[in-house]
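Colleague: Got a predicted structure plus its sequence, pasted below:
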Amino acid sequence: MIFKGYIDESYGPNQNVFSLSCLIGRGKAWTELEHKWKLHLAAKNKQLAKAGRQTISRYHASDCSGCRSEFKGWSRDERDAFVVELFGLLKNFPSHTVVFDVQLDDLCTVFPEWAGDRLEAAYHLLTGFLMHQIADDFKKQPRGGPVRITLFHDWTGGNGKYNPVILRSFTQQINDPAFEERDYFTTIAPSQWRHSVALQPADLVAFECFKEATARIEARKSRLSYTALIDMHAFGIHSKSFNPKSIRALRARMEQQQKLGLVGRD
């Protein structure tokens, strides 16, 4: 059973709420989705070019939502119609998403030694949790053969700054003999949106999950787009949040592991 998972992150300008998600599907399903996704973008660009307007290089969730950058000048109705069609493509894409979110202020209060680069801490911590949750979810599902999952993640920080952090976390999990499902995973690799259309739907899902985490923290209603996403029959999601209590419990567990001679975050 060969699966591909595409990891993307989303966080606000204040770098507090941080969400990391992984959108997983079968290889053939990804190929079909990417083909349909490219056709949708090509049709939109043909329409834009005919009107003498700027074309778009890709779907970028935050820019599209804010009607900025390549989406500058779009009306909200035009934006919504464009995204609704993307949701239509995902509707028939059998997938499973795992997402974790954390408030980095809380994380660095409990782990002040991580405050020097809070994004590094988030990438390292949540990559490991994603892998364990993915493995746990797949273990519970009946399969006709061994599970093999190849992971890809977006080029972090625009310049790949945190790519080594994600790889280090992945390697740490694979080398952990206590991680019984480590053989589920083959490799992890960074990829740029120019070379991987699949990162665009992963971006859509990551952005919606981030917005939902923010809404939950601010006690606001879920966005209609998020509700539409989780209501899709083919879309499955497993979402978890770290709160101050769970972060303190994590620190206590890590300190116990260190006493037993196990390696911590670094």
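Modeller: Thanks, I have it. Residues are numbered from 1 along each chain as shown.
Colleague: Beyond the longest helix along the chain, next helix or strand please.
Modeller: For the chain, the longest helix by residue count, based on DSSP state H, is helix 27-50. Next along the chain after helix 27-50, taking DSSP states H and E as the criterion, comes helix 61-66.
Colleague: What residues of that next one count as buried?
Modeller: With burial defined by 16 or more other C-beta atoms under 10 Å, the residues of helix 61-66 counted as buried are 61-65. Where you see a C-beta, it was placed from the backbone N, CA and C, and this is true even at glycine.
Colleague: Looking at these, which one is closest to Ile237?
Modeller: Within those, distances to Ile237 taken as C-beta to C-beta reach their minimum at Ala61, with 16.3 Å.
Colleague: ok, for that closest one, nearest residue in space, not its chain neighbours?
Modeller: Among residues not flanking Ala61 along the chain, Phe207 sits closest, at 3.4 Å (C-beta to C-beta, 6 or more residues apart in numbering).
Colleague: Pull the number of nearby residues for Asn45.
Modeller: By the other C-beta atoms under 10 Å criterion, the neighbourhood of Asn45 contains 15 residues.
Colleague: Would you mind measuring from it to Trp193?
Modeller: Going from Asn45 to Trp193 by C-beta to C-beta, to the nearest Å gives 16 Å.
Colleague: ok, which stretches of this protein are helices?
Modeller: Applying DSSP H to the chain gives helices spanning 27-50, 61-66, 76-91, 104-110, 118-139, 163-174, 199-217, 224-230, 244-259.
Colleague: Could you single out the most deeply buried of those helices?
Modeller: Most buried of the helices of the chain by mean neighbour count (mean count of other C-beta atoms under 10 Å) is helix 199-217; its value is a mean of 23.
Colleague: Just the C-alphas of that one, formatted as PDB.
Modeller: Taking Å, rounded to 0.1, in the frame of the first residue of the first chain, the C-alpha atoms of helix 199-217 are listed here in PDB:
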ATOM      1  CA  LEU A 199       1.800  21.200  -2.400                       C
ATOM      2  CA  GLN A 200      -1.000  23.500  -3.500                       C
ATOM      3  CA  PRO A 201      -3.900  21.400  -2.100                       C
ATOM      4  CA  ALA A 202      -1.700  20.700   0.900                       C
ATOM      5  CA  ASP A 203      -1.400  24.500   1.300                       C
ATOM      6  CA  LEU A 204      -5.200  24.900   1.100                       C
ATOM      7  CA  VAL A 205      -5.700  22.300   3.900                       C
ATOM      8  CA  ALA A 206      -3.000  23.700   6.100                       C
ATOM      9  CA  PHE A 207      -4.400  27.200   5.800                       C
ATOM     10  CA  GLU A 208      -7.900  26.100   6.600                       C
ATOM     11  CA  CYS A 209      -6.600  24.200   9.600                       C
ATOM     12  CA  PHE A 210      -4.700  27.200  10.800                       C
ATOM     13  CA  LYS A 211      -7.700  29.400  10.500                       C
ATOM     14  CA  GLU A 212      -9.800  26.900  12.500                       C
ATOM     15  CA  ALA A 213      -7.200  26.800  15.200                       C
ATOM     16  CA  THR A 214      -7.200  30.600  15.400                       C
ATOM     17  CA  ALA A 215     -11.000  30.700  15.500                       C
ATOM     18  CA  ARG A 216     -11.100  28.100  18.300                       C
ATOM     19  CA  ILE A 217      -8.600  30.100  20.400                       C
END
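Colleague: Where does pLDDT dip in the chain?
Modeller: Low-confidence segments of the chain, defined by pLDDT under 70, are located at 143-144, 260-266.
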